[in-house]
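Asker: Sequence below, structure please.
(2 chains)
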Amino acid sequence: MVGNKRVSRRELLRGALVVMGGAALAACAPAAPAQPAAPAEGAAQAPAAAGGVIEIRIAAWGDVTDKQVYEAIVADFMKAEPGIKPTVEQYPGGYYEKIQANFAANTPADLIYFQGWSWQPFADKDVLAPLDDYIQQDQAKGFWVDNENYIANTMWQGKTYMSVADTGSVVMFYSKELFDKAGVPYPVDGWSYADFQSAVEKTTFKEGDIQYYGYAQAGGWNGTYLRSLHWMRMNGSLEWDQIVEPKEARWLQDDIINALQYTVVDTIARGLCPSPATIQGGGVTIATGRVALTMEGPWFLAQMQGDKPAREGGVPFDVVEPPLGATGKDETIAEVHGQVLAKASKNPDAAWKLMKYIMTDEGQKRIAEGGRMCGTPDNIEKYWVPIAQEKYKFTNGKAFANAMRTGRNPIFAGAGANYDAVAGQGTPLAVAWDAMLNGTSARDALTEAQPKLQKILDDYWAKKQ
Amino acid sequence: MAAIVKRRRPSGVQLAEWRDGWLFASPFLLGVLFFWVGPMLYSLFLVTQDWDMLGAPQYIGLGNIRHILEDELVKKSLGNTAYYTFIGVPIQLLIALLLAIALNQDLRGRSFYRTVFYLPAITPAVASAVVWNQIFNADFGVLNNILRLFGHPGIKWLFEPSVAKPAFILMSLWGIGPQMVIFLAGLQNVPAELLEAAQIDGATSWQRFWSVSLPILSPVLFFNFVIGIIGSFQVFTNAFVMTNGGPQNATLFMVLYIYLNAFRFFRMGYAATLAWMLFWIIMFFTFLQFRIGNRLVYYEGKV
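Answerer: As a prediction, this is how the structure comes out:
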């Protein structure tokens, strides 16, 4: 029986509010956790779109360079695989925040570019697909480098999640101009920490009103944990009990304290290094000819020479491996970047093909041409070094490749204690560095930070259990 | 006995008007529901959850609230925010009022000055932050150059923990244009005959301002104060762009800490709890201001 009762305004409003409120809540509710798409065998490949073309999405880092690199790679790839049509996506400004939001909405790209220390929380939460079956099936293990740092950057809990697409290592840049002015011979690979300290002192001088500095902790800013890795580790000390999922913070070691006391605190206090306040304006860097030595990565080359250097005409320079400590090797940052495969991908096989293609010689050539350092040390020397040396007018490009062979990254941990939670803004390490840069002794700053860092690790493990 | 008034059924015209009204209002209402009420309710739900945006939220009861009580950075960020708010807002209001009084005089080029003082308010926040970064530069910034004229060696504005917050307060004065305009409108509402009568009675300029203009201006002052406190509690962009909360967490304001927890530390439930805490803090201070304001603010038409 159908009643003919009129709906009152109040009832209508109430009904509309309930419907809209429900819809709003539904829209904001988290999507169901991504369902794993079993890689390789049994992978349920989504039906090809009209015309038999499989469409996939690849998220690239937000720089203009990366868009060009990946669009070139995709164009090449489509010639080899006409049945797959990848689309390059970029999320400039807050890349990881947007990746995270995409996962929350269960709409991640099929392949997602990550820095090697950032994807572990995602693997820990089971939203990434391991690649081991694909690697075995296609006998593709050769694309991965068998050293401790590469393994740590690409594997989690015994499974491989990230490809090796490009890298970034930090070496010592030196300004030939300032070394010449000070009459100091250029540093060479294998130089010692004492050589470094001597060079810093001698290349610090004043000419007229202009102060030149022997050393700056980085090109664009001063003092972070990442930038100090080499100094802290060059004599064999490690600030954690292990790099992956550490349980203990071990910052109060004399090697670490002494290294930071000189490179972060004393160099500024003695006027050998510009303070953060001096660097702030961007006028006092090695790229403007005011600093003799700086630890920087390949991304900084364009500031020194090339099409648009920071100083007109560029600064004559070269690079050298960082001065050696007791370990006898470069212990600085060796970043590995690559793609991960989202478990929610409907076309994991096609995505794997693209991922693999990026690691091939063709893909790596494109990476090098676009200005990024190739994935493996051998490819860096083979493809990237000749291009970079010619474009940026320096000679020791292999220092970058060697740094990738021996360097390491800071710390890896899973959800709830990702790198940012341990060393990012607001954390005890950020505070410790601020304090040292303001003149607090390394021992005092680290004594303050040590128990707080340990608490972060303890909380992480307590939650994990 | 109260008469029972029987409600008349609305006519067709009234119903059509009613329908049209709701239709016209619906874009706004839908926006509010979907983008404001919905997320707000969901964030309330998150207060009891541990959620990293990657898996399903996990119920943890009062865990997030307990964590707030143990978290040193909550105290630090609340302290920073309170400092910025309760020192910054009165200074902003004082200067905005002084400017409004000055620009209420019969000056040559008055409109030009009014525009100039208002302009920063329409500058994008990030652009302002970049400009102020240069103004605060220790080596070649304008402020230090001025200080050096007086023999002062200069200040590391954004790098000394003890100076960073005052520097942010100084920077906030850049955006007082809207408050100044509101004061100006209030000043122009002060009846000229009252001021004239006071003058005839022998009142000095200060007495005329204190006893005539200020009471009439008090609702405007109150409005600016309430809005200023609410806005200052939500300070974010400058710290995010210029200092990242440093040095030594001296500019780690509450909203920045909420952002870090949500998008850097993967703690969405905790961030939602902090956001609700901030909401109630703002509500408390707003309520307090209304309680005090009721006694201090003069409303002309009020008996």
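Asker: Counting residues, which strand of chain A comes out longest?
Answerer: Counting by DSSP state E, the longest strand found in chain A is strand A:334-342.
Asker: relative to strand A:334-342, how tilted is the helix or strand that contains A:Ala75?
Answerer: Assessed by DSSP states H and E, A:Ala75 sits inside helix A:64-80. Inter-element angle recorded for helix A:64-80 and strand A:334-342: 50 degrees (by axes from the mean of the first three to the mean of the last three C-alpha atoms, to 10 degrees).
Asker: can you give me the offset of helix A:64-80 from its chain's centre?
Answerer: Relative to its chain's centre, helix A:64-80 lies at 21 Å (C-alpha atoms, centre = their mean, to the nearest Å).
Asker: Could you pull up phi and psi at A:Ala423?
Answerer: Here is the backbone geometry of A:Ala423 (degrees, to the nearest 10): phi -130, psi 0.
Asker: picking that back up, same for the helix holding A:Ala75, what does it pack against?
Answerer: strand A:54-60, strand A:84-90, helix A:348-359, helix A:361-369 (3 or more C-beta pairs under 8 Å, 6 or more residues apart in numbering or on different chains; DSSP states H and E). Glycine gets a C-beta too; all of them are placed from N, C-alpha and C.
Asker: Identify the residues contacting it?
Answerer: Residues from elsewhere that reach helix A:64-80 (C-beta atoms under 8 Å, 6 or more residues apart in numbering or on different chains): A:58, A:60, A:84-88, A:90, A:113, A:353-354, A:357-358, A:362-363, A:366-367, A:369-372.
Asker: can you pull the contacts of the residue in the stretch 201-350 of chain A that chain B sits nearest to?
Answerer: Nearest residue of the stretch 201-350 of chain A to chain B (C-beta to the nearest C-beta) works out as A:Ala277 at 3.5 Å. Going by C-beta under 8 Å, 6+ apart, A:Ala277 touches B:Asn137, B:Ala138, B:Asp139, B:Lys156, B:Trp157, B:Leu158, B:Phe159.
Asker: ok, for the second one, nearest residue in space, not its chain neighbours?
Answerer: Once flanking residues are discounted, B:Ala138 sits nearest to A:Ala277: 3.5 Å by C-beta to C-beta, 6 or more residues apart in numbering or on different chains.
Asker: can you check the last one too?
Answerer: Sequence neighbours aside, A:Ala277 is the residue nearest to B:Phe159 in space, at 4.7 Å (criterion: C-beta to C-beta, 6+ apart).
Asker: cool, the fourth one as well?
Answerer: Leaving out its chain neighbours, the residue that sits closest to B:Lys156 by C-beta to C-beta, 6+ apart is A:Ala277, at 4.3 Å.
Asker: phi, psi of the one you found?
Answerer: According to degrees, to the nearest 10, A:Ala277 has phi -60, psi -40.
Asker: swap in A:Met373?
Answerer: According to degrees, to the nearest 10, A:Met373 has phi -80, psi 140.
Asker: Can you verify my assumption that A:Glu81 contacts A:Lys353?
Answerer: Yes - counting by C-beta atoms under 8 Å, a contact exists between A:Glu81 and A:Lys353, whose distance comes to 5.9 Å.
Asker: quick one, phi psi at B:Asn153?
Answerer: Let me fix one detail, which is that residue B:153 is Pro and not Asn. According to degrees, to the nearest 10, B:Pro153 has phi -70, psi -10.
Asker: Now it: closest residue in space that isn't a chain neighbour?
Answerer: Nearest to B:Pro153 is B:Leu147, by C-beta to C-beta, 6+ apart, at 7.7 Å.
Asker: OK, contacts around residue 196?
Answerer: Using chain A here. Per C-beta under 8 Å, 6+ apart, neighbours of A:Phe196: A:Met172, A:Pro187, A:Leu293, A:Pro322, A:Pro323.
Asker: Could you list the buried residues of the longest helix that chain A contains?
Answerer: Assignment by DSSP state H gives helix A:442-464 as the longest helix of chain A. Using 16 or more other C-beta atoms under 10 Å in any protein chain shown as the test for burial, helix A:442-464 gives A:Ala442, A:Arg443, A:Ala445, A:Leu446, A:Ala449, A:Gln450, A:Leu453, A:Gln454, A:Ile456, A:Leu457, A:Tyr460.
Asker: isn't the last one right next to A:Leu453, touching?
Answerer: No - counting by C-beta under 8 Å, A:Tyr460 does not reach A:Leu453; the two are 10.9 Å apart.
Asker: What is the burial count for A:Trp299?
Answerer: Per other C-beta atoms under 10 Å in any protein chain shown, the neighbour tally for A:Trp299 reads 16.
Asker: gap between it and A:Ala60?
Answerer: 16 Å (C-beta to C-beta, to the nearest Å).
Asker: Quick check: B:Trp157 is in a helix.
Answerer: No - with DSSP: H, G, I helix; E, B strand; the rest coil as the criterion, B:Trp157 is coil rather than part of a helix.
Asker: Who are the contact partners of the nearest residue to it once chain neighbours are set aside?
Answerer: Once flanking residues are discounted, B:Trp157 sits nearest to B:Phe136: 3.8 Å by C-beta to C-beta, 6+ apart. Neighbour list for B:Phe136: B:Leu143, B:Trp157, B:Leu158, B:Ala167, B:Met171 [criterion: C-beta under 8 Å, 6+ apart].
Asker: Which of those sits closest to A:Trp191?
Answerer: B:Leu158 (35.4 Å; C-beta to C-beta).
Asker: count of neighbours near that closest one?
Answerer: 25.
Asker: just the one 5 residues further on next, same as before
Answerer: Counted with other C-beta under 10 Å, the neighbours of B:Val163 add up to 17.
Asker: Assign a three-state SS to it, would you?
Answerer: Of the three states, B:Val163 takes helix under three-state DSSP.
Asker: From B:Arg148, how far off is whatever residue of the stretch 1-150 of chain B ends up closest to chain A?
Answerer: Among all residues of the stretch 1-150 of chain B, B:Gly38 sits closest to chain A, at 2.8 Å; criterion: C-beta to the nearest C-beta. Applying C-beta to C-beta, the value for B:Gly38 to B:Arg148 is 54 Å.
Asker: Are any of the contacts of helix A:64-80 buried, and if so which?
Answerer: Going by neighbour count (16+ other C-beta under 10 Å), those have A:58, A:60, A:84-86, A:88, A:90, A:113, A:353-354, A:357-358, A:363, A:366-367, A:370-372 buried.
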